[in-house]
Each structure stands twice: as structure tokens, then as C-alpha cells.
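Asks: Take this sequence and fold it.
(one chain, ligands or ions: 2)
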Amino acid sequence: MNNLTTKQLDLAISSDGATDNKALAANELWQQVYEIISTAPVFDLHTHLYAPQFGELNLFGIDELLNYHYLIAELFRFSTLTPEEFWRLEKTKQSDLIWQTLFVENTPLSEATRGVIAVLSTLGLNTRAEDLREAREFFAAQKPEDYLEKVLKISRVNDIVMTNDPLDESEIKVWNGDKKIDSRFHAALRLDRLLNGWAETVPLMNKQNYDVSANLDERAIQETRRFLDDWISKMKPLYLGVSLPDDFVYPEKSARGKLINEAILPTCKAHGISLALMIGVRRRVNPALKLAGDGLGRADVSVVSRICAENPDVKFLVTFLSRENQHELCVVARKFANLMPFGCWWFLNNASIISEITRERFELLGTSFIPQHSDARILDQLIYKWNHSRRLIADALFESYQGLLEDGRIVTKKEIQRDAEKLFSGNFRNWVGLE
Ligand code: HDL
Ligand code: ZN
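Replies: Ligands and ions are numbered 1, 2, ... in the order given. Below you'll find the model as predicted:
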């Protein structure tokens, strides 16, 4: 515990009369940290949410919550139903089965099942309901625009970054339409199909009148850059993003490697836009589970060293999917100021791992990282994803402050507020050039 002598502690506490600068003794320190972290406005830098203007892409409510692909994967841990039989059910029957199996017949202990419980409880709904009647009535009565305000108020999320695919027909319609998109929703231009599936992407780009061909010649590179320029001016994305497999290498003798070097990185430099690398996903390890069928693999973190070293004028947001890559990511971030580690992504978004990752980040990076993003796919998830993460980040930050106190320096309320602002919004805003 605190080995400051009482004299040092008295001195520390009385060191500065002004309330916000008053030293905080250990016991009141936790209260302050928890209060400040719980209310810090969030800039959620990576989600799959959509502004209301995107219509049916904007998901909320109990049937969407229960059909979250995390829960579909967990259903098959307990149910004898085959994926093929499950996919033949209509959505409400799927959610009935998921509720019955994971929440009634079994105890909801996983992060994803507890998340649904947290949402229902926060909204005053019965978390031990035998069926979904009450929940369905509640959500059916919600006006989407009012419900959005309610969720943003509860979760204290002020800004949301979407994941936008310039090759998706339903998105293209919105971007080419005249609806003004809610300014709290920001675009991120997602490059997965372009970089990880060039052959299938060529006809989609041709359909948008970009003269590209499978053999990726000079013309194709030029036209890809024009495609990116056009979509950047249309979406005004805060960053370009791509998820990459665990065996991604850089440089790479492949269509992806050529596109990254000759189209993506020059575009980032020309527009001064950050590139988000999300590394370690193994897509479709079980295709029968569809979106729930992706897995992970431990990646080679040296690819990030190389890409940061060779592109000092590009700013990289980086996250890895494997727990085993996290410490290495912290060390690489210490070597490159153009690298900003972010989030506890996907299979890492669990209490035990968030706790570990956040502590090693404070130890190696101070507050120069972005601790979390929600990855929410359904609006209501903001309620639990941020509540869970705030508590865990507060614990880790409190422990760091305690260590500082034991080493002989007090921390003030103003400093806690400054740190919380950086961690939950300021570091990201600064990174992408927002005021
Ligand atoms: O590639 C990604 O952005 C991942 O987050 C996937 O969308 C994944 O399916 C997911 O939702 N993770 O939380
Ligand atoms: Zn995601």
C-alpha cells in the first residue's frame, strides 16, 4: 500500500489549497478517478454503427442484440442445432432460441451475454424473463431518433466513427443521396475488399467507372488512387482502415502489397490522413458460422516496425487481435511516434484481457495510447461496452496513480480530468487532426 510517510502525505495533501489542485489521498483518489472516468465523453474510434440516415443499416433492439455474431457463435457451444438449421430460422425465432439457450437454460457469464443483461437492466427490463415479449414491446415503442439520444446520453459517447465500405451498394446510395448525416457520426473508409480481395473488387470498381483490371498495371494503380480521392472527398473519413490476416507481411509480393505501397500510402501522404491497421484476423475459420466464423492468429509485429520506419510521414493507428502481440505493440510504439496503439479489439474485449493490456500500456506508454473502442454493431451495445471498459480502465489508472503516490508524487483532480480527456477522446482527435 502507500509507503509515503505521513509527513510526505500531509505535505502532499496540503501542498496546494485550490480544490482541483488539492492533493488526493489514496481513499478519495479512487472516488475521483471512478467519477471522472465514468463521465468522460467518448470519441468511439471504431464501430460498425451507422447514422440514422443509413436507414436499415442502423441496428438496435433485442432481436438485433441477441443476433450479435458473438452470441451466435456461443449458441453452438450449447445447442445441438446445426448452423444450417439455425440460418433457416427467421430472425425472431433465432433470438428466441438464443435467449432460451444462453440466458434461461444456462447462466449468462460471457462478456457478450452479460452485455445483453447489462442493457436490459439499464433500460429497466427483466433480466430473468422467460421470453422476449416485454423486451420486444419496449423496443417497438422506441422512436429511433429519441432512442439514439437516450443511448448516447447513458453511454456518454459523443462521437462515433462508422466503418464505411465504398463498394457496398446500400452505403453508396446514402453517400450519393442528399440526406445530411448526423454530425456525431464520422466516416472511416474501410479498405478490406480492395486490399484483401482485389480480383472480386475489380468488377465493383468498374461498375463505378474506374478503369482497373485484375493485373494491377499502372493504369489500375492510377484509377485506384482516383477512386480513393473521390471517396475521401465524398465521405470525409477520419482515417482509412483495413483488417489484415495474422500472416500479413510488409513489404509483400502480392496485389495487397502493391496496392498498399503504390496507392494507399501515397494517398495517406497526399491527404494527410491516418491509416488504421487491424492485424491478426483469420477470416472464415468456420465458414458455416458466417460472420461468427472468424478467428485469430498471432501476427509478426515487426511488420508494423517496418511500415512505420519506411513511412515516417504517415500516421498509423494500430491494433492487434492476438493477446500475445500486445506487449510487442507497446514496445514498437515506444520506437515510433507515428504509431498510435488503440483498443482491445474483438476477442480481447474481455475484462481479464482489457485489465492486462491497459496496465502494460500505462507502464510502457503513459497516457500516449487510445485504450478502447467499442466495435459496436448494434446501437444498444454502447451502453454495456463502454460501461464495462470504463470500470476496467479506471481500475488500471487508479493503480497507476497509487504507484505514483507511493513513489512520492501526488495527483490532482485536474490532472485526472486531463488524463481522462486524452484517453477517451483527446488522443484520437489530436491524431486525426480534429480541433
Ligand atoms: O474487422 C473488424 O472490424 C472486426 O471488428 C469485425 O467486424 C468483427 O466481426 C467484429 O465485429 N468484432 O467485434
Ligand atoms: Zn470492427
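
Asks: for this structure, longest helix please?
Replies: In the chain, assigned by DSSP state H, the helix with the most residues is helix 381-407.

Asks: what's the next secondary structure element after it?
Replies: helix 413-421 (DSSP states H and E).

Asks: what's that next one packed up against?
Replies: For helix 413-421, the packing partners by 3 or more C-beta pairs under 8 Å, 6 or more residues apart in numbering; DSSP states H and E come out as helix 26-39, helix 381-407. In short, each C-beta sits where N, CA and C put it, glycine included.

Asks: so that helix versus helix 381-407, what angle?
Replies: With axes from the mean of the first three to the mean of the last three C-alpha atoms, to 10 degrees applied, the angle from helix 413-421 to helix 381-407 works out at 140 degrees.

Asks: Extract the CA atoms of helix 413-421 and return them as CSV.
Replies: What follows is helix 413-421, C-alpha atoms only, in CSV (Å, rounded to 0.1, in the frame of the first residue of the first chain):
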residue,chain,number,x,y,z
LYS,A,413,-8.3,16.2,-9.8
LYS,A,414,-7.3,18.5,-12.7
GLU,A,415,-4.6,16.0,-13.8
ILE,A,416,-7.1,13.1,-13.6
GLN,A,417,-9.5,15.1,-15.8
ARG,A,418,-6.7,15.9,-18.3
ASP,A,419,-5.7,12.2,-18.5
ALA,A,420,-9.2,11.0,-18.9
GLU,A,421,-9.9,13.5,-21.7
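
Asks: That helix: how far from the chain's middle?
Replies: Helix 413-421 has its C-alpha centroid displaced from the chain centroid by 22 Å (C-alpha atoms, centre = their mean, to the nearest Å).

Asks: Also stretch 398-418?
Replies: The answer for stretch 398-418 is 27 Å, by C-alpha atoms, centre = their mean.

Asks: And stretch 243-255, by the same measure?
Replies: 22 Å.

Asks: Can you list the buried residues in that stretch?
Replies: Using 16 or more other C-beta atoms under 10 Å as the test for burial, stretch 243-255 gives 243-246, 248-250, 252, 255.

Asks: Would you verify that residue 159 is located in a strand?
Replies: Yes. Assignment of residue 159 by DSSP: H, G, I helix; E, B strand; the rest coil places it within a strand.

Asks: Chain neighbours aside, what residue packs nearest to it?
Replies: residue 43 (4.4 Å; C-beta to C-beta, 6 or more residues apart in numbering).

Asks: what about the helix or strand in which the one you found is found and ligand 1, any contact?
Replies: Using DSSP H and E, residue 43 maps to strand 42-44. No. Remark: strand 42-44 sits outside contact range of ligand 1, by C-beta under 6 Å from any ligand atom, the gap being at least 12.6 Å.

Asks: Give the rounded mean pLDDT of that strand.
Replies: Per-residue pLDDT values over strand 42-44 give a mean of 99.

Asks: Out of the helices and strands packed on helix 413-421, which is closest to ligand 1?
Replies: Among these, helix 381-407 comes nearest to ligand 1, with 9.5 Å by C-beta to the nearest ligand atom.

Asks: what helices or strands is that closest one leaning on?
Replies: Contacts defined by 3+ C-beta pairs under 8 Å, 6+ apart place helix 381-407 against helix 26-39, strand 42-44, helix 111-122, helix 144-155, strand 157-161, helix 351-365, helix 413-421.

Asks: That helix and ligand 1, are they touching?
Replies: No. Judged by C-beta under 6 Å from any ligand atom, helix 381-407 and ligand 1 are separated, with a smallest distance of 9.5 Å.

Asks: Can you mark which positions in that helix are buried?
Replies: Neighbour counts over helix 381-407 (16+ other C-beta under 10 Å) mark 381-390, 392-402, 405 as buried.

Asks: Quick check: chain neighbours aside, which residue is closest to whichever residue of the stretch 151-300 of the chain sits closest to ligand 1?
Replies: Per C-beta to the nearest ligand atom, residue 243 is where the stretch 151-300 of the chain lies closest to ligand 1, at 3.9 Å. Of all residues not flanking residue 243 in the chain, residue 278 sits nearest, at 4.3 Å (C-beta to C-beta, 6+ apart).

Asks: Cross-check the contact I'm expecting between that neighbour and residue 246.
Replies: No. If you go by C-beta atoms under 8 Å, residue 278 and residue 246 don't touch, sitting 11.4 Å apart.

Asks: shared neighbours, the two?
Replies: Residues within reach of residue 278 and of residue 246 at once, by C-beta atoms under 8 Å, 6 or more residues apart in numbering, are residue 321.

Asks: quick one on the thing from earlier: same list, the helices and strands packed on helix 413-421, but as a markdown table with distance to residue 207 please.
Replies: Shown next, in a markdown table, are those (distance: least, C-beta to C-beta, whole Å):
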| stretch | distance to residue 207 |
| --- | --- |
| helix 26-39 | 47 |
| helix 381-407 | 33 |
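
Asks: comparing these, which gets the lowest mean pLDDT score?
Replies: Minimum mean pLDDT among these: helix 26-39, a mean of 91.

Asks: quick one: buried residues of it?
Replies: 29-30, 32-34, 36-37.

Asks: okay, those residues in JSON lines with distance to residue 412 next?
Replies: Formatted as JSON lines, the buried residues of helix 26-39 follow (distance: C-beta to C-beta, whole Å):
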{"residue": "29", "distance to residue 412": "10"}
{"residue": "30", "distance to residue 412": "15"}
{"residue": "32", "distance to residue 412": "9"}
{"residue": "33", "distance to residue 412": "12"}
{"residue": "34", "distance to residue 412": "16"}
{"residue": "36", "distance to residue 412": "11"}
{"residue": "37", "distance to residue 412": "15"}
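
Asks: Quick check: which of the residues you listed are also close to ligand 1?
Replies: With C-beta under 6 Å from any ligand atom as the criterion, no member of the buried residues of helix 26-39 is in contact with ligand 1.

Asks: quick one, what contacts the nearest residue to residue 145 once chain neighbours are set aside?
Replies: With C-beta to C-beta, 6+ apart as the criterion, residue 145 has its nearest non-adjacent residue at 6.2 Å, and that residue is residue 52. Going by C-beta under 8 Å, 6+ apart, residue 52 touches 58, 144-145, 148, 182.

Asks: got it, and residue 267?
Replies: Counted by C-beta under 8 Å, 6+ apart, residue 267 has contacts 225, 228-229, 232, 240, 273.

Asks: Neighbour count says what about these? Which are buried?
Replies: Buried among these (16+ other C-beta under 10 Å): 225, 228, 232, 240, 273.

Asks: Out of these, name the ones that lie in strands.
Replies: Mapping the buried ones among the contacts of residue 267 onto strands (DSSP state E) picks out residue 240.
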